[in-house]
Structure formats: structure tokens, C-alpha cells
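Engineer: can you look at this prediction? I've put the sequence above it.
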Amino acid sequence: MKNKNGKSSEDLLKQIEEMGDDHMMSSIETPMREGAFDLSDEEKIAIIQGHFEKIMHTLGLDLTDDSLSGTPKRVAKLYVKELFKGLKPENKPSLSTFQNKYEYSEMLVEKNITLYSNCEHHFLPIVGKAHVAYIPNGKVIGLSKINRIVDYYSRRPQVQERLAIQILDEMKRALNTEDVAVYIDAEHMCVSSRGVSDQSSSTVTVEYSGKFKEEETKREFLTYVNDKLK
Ligand SMILES: Nc1nc2c(ncn2[C@@H]2O[C@H](COP(=O)(O)OP(=O)(O)OP(=O)(O)O)[C@@H](O)[C@H]2O)c(=O)[nH]1
Ligand SMILES: [Zn+2]
């Protein structure tokens, strides 16, 4: 059987094997449909608005009420322009890097980065903190750009595992180094506010590459992450 690109499953398996383990570990793309980028933001907002009106109507809400009448448009804008703006490649932050003139060679940790995302299974919030570290090669990155990378990949329907990998990959690309670590600790509203309704659990995902796979470097990173002293 062939997929839409005309490849059989054997072809795909061969291709994956040729890419090697590294690729398997580090290239997790958000699944996007064909033609995903054909609509303008305005077109997306108009379509989502129409669908959300139907959802509210189905739930039995009165859309002529002055508090509810603007909600479909509000939700549509919120989805396209805010919560899910990271689905649009044009919204990717430009990442200024600089020559590491000072030859800083230890790890840099940007910790306690505020993270707001949404889970792709329930479209409910994921709220937490990300801690991102790297060891400079020839380049250093503007600090705020690390926060922006976290924000860009968070603004998609996500699973936390993929989010950590996408942040790690972007840091590696931007800094031309393998030596990157990403640690995310977040609360999933789909776990705390419904379903199993556990308000005390949180989810930790970590991704290490390069020197961060070594015990000592990993331990040093975790010491900074767990250091609550300011
Ligand atoms: N691995 C992973 N799972 C997630 C993430 N966010 C939410 N989930 C889980 O996705 C699963 C979806 O499972 P389903 O059984 O299809 O959904 P459900 O019936 O609503 O499940 P319950 O939440 O157990 O009521 C749930 O167990 C969620 O907790 C995430 O970031 N990573
Ligand atoms: Zn969920």
C-alpha cells in the first residue's frame, strides 16, 4: 500500500532506517494536513467563528444575548492569533545570535520560563515552567529569544513530550551546537480539572543532547533547575 507521497511502508521504513537514531529522536513535527498554510488568518477566523457559533447553538446558548453574541469571533481570534499562532511558520521568532567573543564556555541556563500551551487531546491548557540550557559553541543567543522559542512551540496544540523535543531542536539549529537541555514541568488542565481530576500532579519531560547526556553535566543542570534560591 502506498501513502499520499506514493511511498510504500517498506520505502518509509528504509528511509527512517537511513536517517538513523538521531533523526528519530530529534525530528518530531506537529502533524499538519496538506494545504495547511493556504488560508489567511482572516479566512481562518471567519470559518472558525461560524463553527463555534454552531457549537454554542448546539449547547443551547442564546447567541442574541449581548454577552454571548461576540464570543464566536472572540474564540476564533484567540485560536488563530494567540493560542495557536505557533502553527504559522511566519510567526516563528527571529533568533539573534552573536559571536561568543567572551569565550564563555560553561552552561547557560534560562530557567523558570513561563509556559502556556494547550493539549492536543482536549484543547485544555497546559501551564508550567520550562528550563532551557546550552553550552556555547561559537555562538551565543539573546536571552529573550530562548523564552520566545518556548512560547512559539507552546502556541500549538501539543503533547508535552513533543514540545520539549521541538524546543531542543530549535536551540540546536539556532546555536549550531548539540549541547542543549530542555526541562519542562507543567500542569495539564485535562488531568486537573476533569477526568481523573488530580490537582496535585504535574508532568516533567526532559530532553538532553550532546554533553548534557553525560552524567556530570546533567547533574549540574539539574542542580540549577532545582535551586530555588534567587
Ligand atoms: N503523553 C501525553 N498524554 C497527554 C498529554 N496531555 C494529555 N494527555 C493524555 O492524553 C490522554 C487521552 O486519552 P483518552 O483516553 O483518549 O482521553 P479521555 O477519555 O479524555 O481520558 P481521561 O483524561 O483519562 O478521562 C489522557 O490520558 C490525557 O491525560 C501530553 O502532553 N502527553
Ligand atoms: Zn488533554
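Structural biologist: Thanks, I have the structure now. Residues are numbered from 1 along each chain as shown. Ligands and ions are numbered 1, 2, ... in the order given.
Engineer: near ligand 1, anything from stretch 164-176?
Structural biologist: No. Stretch 164-176 stays clear of ligand 1 (CB under 6 Å from any ligand atom), getting no nearer than 9.7 Å. C-beta coordinates here come from the backbone N, C-alpha and C atoms, glycine included.
Engineer: in that stretch, what counts as buried?
Structural biologist: Neighbour-count burial for stretch 164-176 flags 164-172, 174-175 (criterion: 16 or more other CB atoms under 10 Å).
Engineer: do stretch 221-230 as well
Structural biologist: Within stretch 221-230, judged by 16+ other CB under 10 Å, the buried ones are 221, 225.
Engineer: and what of stretch 103-115?
Structural biologist: Buried residues in stretch 103-115 (16+ other CB under 10 Å): 107, 109-110, 113, 115.
Engineer: and it, how far out from the chain middle?
Structural biologist: Between the centre of stretch 103-115 and the centre of its chain there are 18 Å (CA atoms, centre = their mean, to the nearest Å).
Engineer: now it: average pLDDT?
Structural biologist: Mean per-residue pLDDT for stretch 103-115: 97.
Engineer: helix/strand/coil for Ala181?
Structural biologist: strand (DSSP: H, G, I helix; E, B strand; the rest coil).
Engineer: could you single out the nearest of the buried residues of stretch 164-176 to Tyr224?
Structural biologist: Tyr224 has its nearest neighbour among these in Met171, at 16.2 Å by CB to CB.
Engineer: doesn't Leu168 fall inside a strand?
Structural biologist: No. Read with three-state DSSP, Leu168 is helix and lies in no strand.
Engineer: what ranges do the strands span in this structure?
Structural biologist: 97-99, 108-119, 125-134, 139-141, 157-158, 180-188, 203-208 (DSSP state E).
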